[in-house]
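> sequence? don't have it. structure:
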Ligand SMILES: Cc1cc2nc3c(=O)[nH]c(=O)nc-3n(C[C@H](O)[C@H](O)[C@H](O)COP(=O)(O)O)c2cc1C
Ligand SMILES: Cc1cc2nc3c(=O)[nH]c(=O)nc-3n(C[C@H](O)[C@H](O)[C@H](O)COP(=O)(O)O)c2cc1C
Ligand SMILES: Cc1cc2nc3c(=O)[nH]c(=O)nc-3n(C[C@H](O)[C@H](O)[C@H](O)COP(=O)(O)O)c2cc1C
Ligand SMILES: Cc1cc2nc3c(=O)[nH]c(=O)nc-3n(C[C@H](O)[C@H](O)[C@H](O)CO)c2cc1C
Ligand code: SF4
Ligand code: SF4
Ligand code: SF4
Ligand code: SF4
Ligand code: FES
């Protein structure tokens, strides 16, 4: 197949130090904090209160809304508080804090679901608590339910893992190869999609080889090697590369007959259908200049990140910045008390030198940001207008199309905070639209 | 302009507060075109002052009887009359300067200063105040363009009022008496004027920055915009 | 009807009438002076091109010359006859030539023996400091004296021949333009002498 | 520990490329041309270069101080401007005029508009244009390269373009390539300039679009509009003559004053080429490169406006 | 005699144009409500857009055609409002003019930092990163988003705290809408004491985060003779209708977060 | 034909009204803030210049010259122009409201614009015939348009530039105009033939 490439992109240094670090399991932490929002969509209502005892896999919170998924307890123990906390967004979130009893008693609700129809499949996926594990945290059952009149012909499995440091998806491919294939087959079967394309960046030849061997005899699934270039893993870029289709501005992949799922997401689907154990643990890459022994760790969801770093041998230098996710799109955290979430795929601790971002200088109009923007926007112009409060002009610059990949800010020789500026611009436009 | 209009304040107004050239930026064409020499500035200033005073006087006299519909043509006729008179007088008695100023003498008709003052001041005030306003504005204009002319002449030709002044200090930079020099000197002088007269910004600083008087959208000093 | 149409019109009519009346009056006063100014200016210009003369006869236009069968090139505009004490002593040719910034108009005084008596640039658009130097005596005085048989030669060094003209530094275009005009004027006078 | 963590919006890493490094690269790339200038025109050329660079940096320092702004001489852009301006001057120019040129470039053209990145015309070129208009005679007085100096006529010497306009014997192409001809002190040696250009390309400082399209357009029109009718021109002559190489490689490529998108850049470079030939063939000026680039600089906002790229999966807003 | 021709020509032109134009304006007349022009003249003409219309023209049109209240114009103040009301023939009565107040005193010295913010100087930009760098989640971030939108230069940001210069504030409310922390309130010019804190945290937490935060100790509630103060979600709130400006509350507040805000106009 | 071409190029580039003749500076500075308004104004100027050149030429030829009234040129021209503009405005408002919306606000400004009267005075000075005058007016309008559009782009960029306080607003605009004017010096010696 001749692949059409997307335009732009950057090549940050890979730093995939943990490629060969097989996943190690971390034990039960001192406390577990489970936020009621770990996905895009309606927040869950807490179903437990202080003093309740809970078991592994028990539903802690749920919501009636369609675009929402339940959250489960990852330990057995006693609820020590239910209160609002600031995680990383602007609004406080209800969190359930549990003191584990160390017994890990499994809830009686945990049993393999009976799946005999499309509806049952969707119901099971929702009950599993699965939200996209690729980083965005969009409830998977919603994705699998496209509007009636759209015809999906391609399932795309995202194994690109284009961000530096992160190797958790690579480990998934290496360690759970059969689960991935099984999961894909489940999704293909119950959604009626005829084919699946697995895309993996060519800096992970082992994973490509292993998956290619696994799908050898199946003609509905194929594995594709992708040029290593950030943000190859972004949904729209991936679709463009693998199918040549361009998701129209403001539209979803279903518009062009595609559905994108992360490798870990499909793998989890297979796992869940076998065991019925909802999403309570996550593989996380722990790395960064302050981390003593970078690792891939399997962590219970809700573990405070400080404990995960401790598990990785603690810090070799005072960390100046803690990041949940990769260095390009990850979120900087203000405290090590913040828990690991469903969508967490990496935890980075950077020292002062790596963590401090350079000072901003005036734009020299070099055009690099324009060249690298995969969405073909004009980051420097948006930045200029946002800073000058020229919001009327801003509307003509497709600001809302930005996928916030950070390529522009990464590449800027004047070190301008382009991506943040654009986020602010989006915020302004959304606020304006509301008015 | 809420303060009371005393005769002196009206007269002085044009020199500083509302200096037509540096503050209101009215009548830019002659301010730029004829100011290659200080002498031209004086000549142009005198001509414009004559027209300003004359038309302000006449318009303040006839303002009550001219109906709105023909206000603009009528005022323009008056202004054009005075312009033509000054044109003929200059041709007769100051042929040298007349030649230098060229078509910018008849163009006094459309000099925004004159029309703006007619509309903004003479239209609303009696003859005496209007004449004073004309003198003040005319003087402000004359002084301003003479200054521009002086700077350009000294930098660009090394002379002032035709007298060599730079001796051999530097070779004059011809650009200053060419069009780009006009814009440049004007820009630098306006900046200087702003800097020197910077008082606490009254109100909100939202007035149209050009103050050109052409009444562009957003201009509070619009002289005639939208009324025709 | 009256209020809406007739009255405004009448008032405008009156304003116009008054203003024009005033103008006509001032014109009556100044017109003679202006005309006189113009005449003096013309005579002075002509004189600067031919100092010895004290009067200049009415000009002949190029068309008129052509109709007289004289080969006046496109550059020629007018031909004056220069007189002293009522006697014709030579000519002043008004000629134009295309310089750096546009037309250069000049007057060239030539006596009956083909001596150039004066060159005066009436109007030009050459760059001040460069081409504009062509109107200064430093440049124009080079032409005074006997006109060459053929044409002047513009060079960029110190001239070492009667017919050579030193170009103004960095303004060769203007220098050549003026020279061309003078050549045309000389050619006209020579052809007339030959023809007559 | 909690209170001291850094938090910022992603991304958290930045590329190695910095403004300072880019400017330094331009300076490095100009060194061959500067040495060629010194080789052909002697020690005076070196003096002019030194004076222009130092005064440019000095004016940048002073004006920032006067305007109470932070010191920006560390970004080296003033040094680039000074160097490029020097390479655009005739070797005989009085020193004080070069200093006035630096003043105009740095203060009027660059800093009054806000400094690096905000000026809308090329500072060095605008200063050159200012000097040409103001001191036309001095700015068009050329000397012969030392390598050719014959005692006669060493002061006033024609550039190849001047010869084309004013008549005389056209120089050899090989001399034009090496720089063994009259002209501004940094523009004569196409070889040295091309070496610099290759360095900039290799370092990724510039892309090939502007130099190639610009030079190509000039060559094309030179060939089409030849002296003996259509398609009789000598493109090589026009390509090697005058300031084209310097302009195409170092001046038209100035980031601040060129368009942002590749499409815009191609239009811009084509416009530069077209105007250069218009000026060379249809005006009395011997050289058109500086005005061509300046005019296209002025057109850049309009080019940018009408070459806005179509966003991914949609159309451009205009 | 020689005067007659020119006079005839030009006056003829004048007459022709006068007739033509008057006639044309009659034939091609487009009705415009003259009141719009009059109202436009009464407006201050700053064309700032603070009223929410496209400049003064827009507001004038809205006042005449849509019956919009003249107090929409924040610039002209009461004088303009009254003049327009008079003209439109509506008696608006006296209106109480508001000024904006930042309900926070948490400058860099008073409030603890949650993290070290690196980024754009804009409150919204910081706010989306875990609610901003201030330990108190309800306080002013001091990055000046409000200052940027104030058309009247009435806001100063110093030491991480925005303060409104009451003399310049026209009560246009732009800052109120802009502040991501929603801590700017419009308060009547004439009303006196205001609790300058917006922290809904419990007392202990509020005290830990900020030296001048309301700790909900209820002292002011108890001391107020006019019963104008109530506790709402851990902050004291003063009802300006009941407040008599006696100042007792400010005197007892241990955190010094009640201040006198009377503005002399 | 060649003559007309020379007039066209000459008036557009070589003697650009705004940048080298200093005619019409007020609208050039006043209406160049936004490209969209600049476009509207340019359209209106070209329109008015063409019509007014025709009308003033006729006035001069058939009303003033035969009666030896050249000294009344200024007053007659300005009257004609003012009336013309007002008439066009009135008619447009009624008959073509959309065009009026686009151009209308600029029309009154044009009356007091040196460019219109200036080009009338120039055709007299240069003794242009009817067609030449009209072409000249058209070319001057195009030149105005070119300068205005280019300049509006520059000004939109200046809007977000970090300009020193004292230079904000008009001063920097004038200095920018100066730089644009320098670049137009390149056309000064364009040989049109
Ligand atoms: C508000 C919202 C609504 C979405 N609705 C759908 C949907 O209806 N169907 C679907 O397949 N995906 C839907 N998505 C998921 C997106 O297609 C995409 O997978 C998700 O945003 C994560 O992709 P990313 O990490 O590239 O941003 C939605 C996403 C968002 C943010
Ligand atoms: C810039 C950018 C880079 C991304 N990189 C990856 C990636 O490397 N791997 C991945 O699985 N998802 C990546 N995503 C998320 C995908 O767009 C998409 O949300 C995900 O593959 C959908 O699968 P999920 O819903 O199963 O998570 C990226 C998103 C963006 C915006
Ligand atoms: C802005 C500018 C104005 C110029 N003005 C003139 C001029 O008025 N007259 C002239 O002959 N050359 C002028 N030139 C110079 C010509 O372009 C050309 O260099 C010269 O005429 C021929 O050069 P040479 O005298 O060195 O042989 C000017 C050049 C520029 C750039
Ligand atoms: C590739 C490149 C070319 C440059 N060319 C010029 C130039 O021609 N003239 C100049 O003044 N500065 C030049 N600079 C320096 C700098 O960009 C310039 O001063 C800015 O215009 C100042 O805002 C150049 C810089 C780079 C990176
Ligand atoms: S962050 Fe947005 S603007 Fe920047 S490169 Fe990515 S998509 Fe383009
Ligand atoms: S990469 Fe940076 S310097 Fe270059 S154009 Fe974009 S914002 Fe400006
Ligand atoms: S009051 Fe609001 S908008 Fe203003 S600085 Fe404080 S947080 Fe920002
Ligand atoms: S923005 Fe706020 S501070 Fe500024 S005037 Fe309006 S209400 Fe007052
Ligand atoms: S003075 Fe010329 S347009 Fe205003």
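Here it is on my side, so go on. Fair warning: this is a prediction, and the values are worked out from it, not measured in the lab. Ligands and ions are numbered 1, 2, ... in the order given.

> Let me know how buried the closest residue to residue B:66 other than its chain neighbours is, in neighbour terms.
Spatially, and ignoring its direct neighbours in sequence, residue B:66 is nearest to residue B:74 (4.9 Å; Cβ to Cβ, 6 or more residues apart in numbering or on different chains). Every residue, glycine included, has its C-beta placed from N, CA and C. Residues contacting residue B:74 under the criterion other Cβ atoms under 10 Å in any protein chain shown number 28.

> do residue C:161 as well
Per other Cβ under 10 Å, the neighbour tally for residue C:161 reads 10.

> Would you confirm that it contacts residue C:153?
Yes: the pair residue C:161 and residue C:153 passes the contact test of Cβ atoms under 8 Å, sitting 7.3 Å apart.

> rewinding a little: contacting residues for the residue nearest to residue B:66?
Contacts were defined as Cβ atoms under 8 Å, 6 or more residues apart in numbering or on different chains; by that measure residue B:74 touches B:62, B:66, C:11, C:12, C:15.

> now swap in residue D:52 and tell me
Shown here is residue D:52, whose contacts under the criterion Cβ under 8 Å, 6+ apart are D:82, D:83, D:85, D:86, D:89, D:98, D:99, D:101, D:102.

> repeat for residue B:161
Taking Cβ under 8 Å, 6+ apart as the contact definition, residue B:161 lies against B:37, B:38, B:39, B:153.

> Quick one: buried ones out of those?
Among the contacts of residue B:161, those that count as buried by neighbour count (16 or more other Cβ atoms under 10 Å in any protein chain shown) are B:37, B:38, B:39, B:153.

> Pick out the most distant pair among the residues you listed.
Between any two of the buried ones among the contacts of residue B:161, the greatest separation by Cβ to Cβ is 8.2 Å, found for B:39 and B:153.

> and the stretch 51-200 of chain D, which of its residues are near ligand 3?
Proximity of the stretch 51-200 of chain D to ligand 3, by Cβ under 6 Å from any ligand atom, involves residues D:132, D:133, D:136, D:140, D:162, D:166.

> hey, where'd the strands end up in chain B?
Defined through DSSP state E, the strands belonging to chain B, from first to last, are B:159-160, B:163-164.

> Chain C too?
C:55-56, C:60-61, C:76-84, C:87-98, C:103-111, C:115-123, C:145-146, C:153-155, C:164-166.

> hmm, back to that, ok, of the buried ones among the contacts of residue B:161, which one's closest to ligand 9?
Closest to ligand 9 out of those is residue B:37 (19.0 Å), distances taken as Cβ to the nearest ligand atom.

> pLDDT score assigned to the closest one?
Among the per-residue scores, residue B:37 holds a pLDDT of 90.

> Then residue B:216?
Looking at residue B:216, its pLDDT reads 37.

> try the one 3 residues further on
We have a pLDDT of 38 for residue B:219.

> What residues does residue 115 make contact with?
You didn't say which chain, so I picked chain A. Listed by Cβ under 8 Å, 6+ apart, the contact partners of residue A:115 are A:121, A:124, A:190, A:273.

> wait, I meant chain F there
Contacts here follow Cβ under 8 Å, 6+ apart; on that basis residue F:115 touches F:17, F:18, F:23, F:24, F:27, F:45, F:49, F:140, F:141, F:144.

> wait, doesn't residue D:75 sit right on residue D:23?
Yes: Residue D:75 sits in contact with residue D:23 when judged by Cβ under 8 Å, with a separation of 6.1 Å.

> Now for the two: what residues contact both?
Shared contacts of residue D:75 and residue D:23, counting by Cβ under 8 Å, 6+ apart, come down to nothing at all.

> ok so, going back, which among the contacts of residue F:115 gets closest to residue D:188?
Taking Cβ to Cβ as the measure, residue F:18 is the one of the contacts of residue F:115 closest to residue D:188, at 36.9 Å.

> Tell me which residues touch the closest one, please.
Residues in contact with residue F:18 (Cβ under 8 Å, 6+ apart) are F:24, F:25, F:28, F:115, F:143, F:144, F:147, F:148.

> next one: residue A:66
Per Cβ under 8 Å, 6+ apart, neighbours of residue A:66: residue A:142.

> Tell me the predicted confidence for residue A:429.
In this prediction residue A:429 is given a pLDDT of 93.

> How much space separates it from residue C:74?
66 Å (Cβ to Cβ, to the nearest Å).

> same deal with residue F:158?
Computed with Cβ to Cβ, the distance linking residue F:158 and residue C:74 is 48 Å.

> neighbour count winner among these two?
In this comparison of residue F:158 against residue C:74, neighbours counted by other Cβ under 10 Å, the higher total goes to residue F:158 at 21 against 9.

> Need the per-residue pLDDT for the more buried one.
On pLDDT, residue F:158 comes in at 92.

> Touching, it and residue F:174? I think so.
No: with the criterion set as Cβ under 8 Å, residue F:158 and residue F:174 do not qualify as a contacting pair; they are 11.5 Å apart.

> Let me know the secondary structure of residue D:281.
helix (DSSP: H, G, I helix; E, B strand; the rest coil).

> was I right about it contacting residue D:226?
No: if you go by Cβ under 8 Å, residue D:281 and residue D:226 don't touch, sitting 10.2 Å apart.

> Tell me how many other residues surround residue 82.
With no chain named, the answer covers chain A. For residue A:82, the tally of surrounding residues (other Cβ under 10 Å) stands at 20.

> was after chain E, sorry
The criterion is other Cβ under 10 Å. On that basis, residue E:82 has 18 neighbouring residues.

> Give me the phi and psi for it.
phi -60, psi -40 (degrees, to the nearest 10).

> how much space between it and residue E:42?
The spacing between residue E:82 and residue E:42, counted by Cβ to Cβ, is 10 Å.

> quick one: is stretch C:129-141 near chain F?
No: under the criterion of Cβ under 8 Å from any Cβ of the partner chain, stretch C:129-141 makes no contact with chain F; the nearest approach is 9.5 Å.

> Run the chain-centre distance for that stretch.
Relative to the centre of its chain, stretch C:129-141 is centred 16 Å away, using Cα atoms, centre = their mean, to the nearest Å.

> Now do the buried residues in that stretch.
Taking 16+ other Cβ under 10 Å as the basis for neighbour counts, the residues of stretch C:129-141 that come out buried are C:129, C:130, C:131, C:132, C:133, C:134, C:135, C:139, C:140.

> Now do the SS call for the closest residue in space to residue A:131 that isn't next to it in sequence.
Nearest residue to residue A:131, sequence neighbours excluded (Cβ to Cβ, 6+ apart): residue A:39, at 3.9 Å. Using three-state DSSP, the three-state assignment for residue A:39 comes out as coil.

> Residue D:242 - that's part of a helix, no?
No: following the definition three-state DSSP, residue D:242 is coil and is not counted among the residues of a helix.

> And it, how far from residue A:330?
For residue D:242, the distance to residue A:330 - Cβ to Cβ - is 53 Å.

> Quick one: find the helix or strand in the chain with the lowest mean pLDDT.
If you meant another chain, say so; for now it's chain A. Using mean pLDDT, DSSP states H and E, helix A:391-394 stands out as the lowest-scoring helix or strand of chain A, at a mean of 86.

> other chain: chain D
Sorted by mean pLDDT, DSSP H and E, the helices and strands of chain D end with helix D:160-166, the least confident at a mean of 75.

> now what about that one, what contacts it?
C:172, D:140, D:142, D:158, D:169-171, D:176, D:181-183, D:237, D:240-242, D:280, D:284, D:286-287.

> As JSON lines, the contacts of residue A:115 with neighbour count and distance to chain D would be great.
Converted to JSON lines, the contacts of residue A:115 look like this (neighbours: other Cβ atoms under 10 Å in any protein chain shown; distance: Cβ to the nearest Cβ, whole Å):
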{"residue": "A:121", "neighbour count": "21", "distance to chain D": "30"}
{"residue": "A:124", "neighbour count": "21", "distance to chain D": "33"}
{"residue": "A:190", "neighbour count": "19", "distance to chain D": "29"}
{"residue": "A:273", "neighbour count": "19", "distance to chain D": "34"}
